[in-house]
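> Okay, structure incoming, though there's no sequence with it:
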C-alpha cells in the first residue's frame, strides 16, 4: 500500500518562509511526477508546482520567483520551499504523486494524494 505523508505546514507572518515535505512510502516501484496543489476556502484546488522524475519543474504564475520545488529520489520525497509568503498563499497544501506500485499487474501507475497540511500566512 502506497502512502504520502506531508509535513511542515503552520502559521507564518507575511514575508516569511516555510518548507513543506512529502514522503512516499509503501510498495513503490517507480515515482513519476510529484506535485504540490493547494485549496483555499471557497476555491478550487489548484496546481502550485510540479517536478518530473527527471527534475523538470513548472510553477503557477502566482508563485513564480517565490516558491521552489525539489525532490530526493533516494528518499522518495518532494519538497516545496515557500519564500516571501503572502496572505493569499493561505490554503491547505496537498502533495500528489504518480506512482507505479511494485505489484501492478499491467504496469499502470496510479494517482496518490497526501492528507493535506495547513499553511496560514497572517500577521
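Thanks, I have the structure now. Please read these numbers as outputs of a predicted model, since none were measured by experiment.
> And for stretch 35-48, what's in contact with it?
Stretch 35-48 has contacts (Cβ atoms under 8 Å, 6 or more residues apart in numbering) with 20, 22, 49-51, 59-60, 63, 67, 69, 78, 80, 88-97, 116, 119. The way it works is simple: take the backbone N, C-alpha and C, and place the C-beta from them, glycine included.
> Separate out the buried members of the residues you listed.
20, 22, 49-51, 59, 63, 67, 69, 78, 80, 89-97, 116, 119 (16 or more other Cβ atoms under 10 Å).
> Helix, strand, or coil at residue 62?
helix (DSSP: H, G, I helix; E, B strand; the rest coil).
> And it, what's its pLDDT?
If you check residue 62, the pLDDT there is 97.
> try residue 79
Here, the pLDDT recorded for residue 79 equals 98.
> who's in contact with it?
19-22, 69-72.
> do that again at 6 Å, thanks
Neighbour list for residue 79: 21, 70 [criterion: Cβ atoms under 6 Å, 6 or more residues apart in numbering].
> May I have the secondary structure class of it?
strand.
> in the sheet, who's paired with it?
Legend: beta-bridge partners of residue 79 under DSSP bridges are residue 21, residue 70.
> cool, and residue 101?
Using DSSP bridges, the bridge partners assigned to residue 101 are residue 28.
> pretty sure it is in contact with residue 26, am I right?
No: counting by Cβ atoms under 6 Å, residue 26 is not a contact partner of residue 101; they are 7.6 Å apart.
> okay, which residue is most central for the chain?
residue 36 (2.8 Å; Cα atoms, centre = their mean).
> neighbour-wise, which of residue 101 and residue 26 wins?
residue 101 (18 against 13; other Cβ atoms under 10 Å).
> Roughly how far does that one sit from residue 35?
18 Å (Cβ to Cβ, to the nearest Å).
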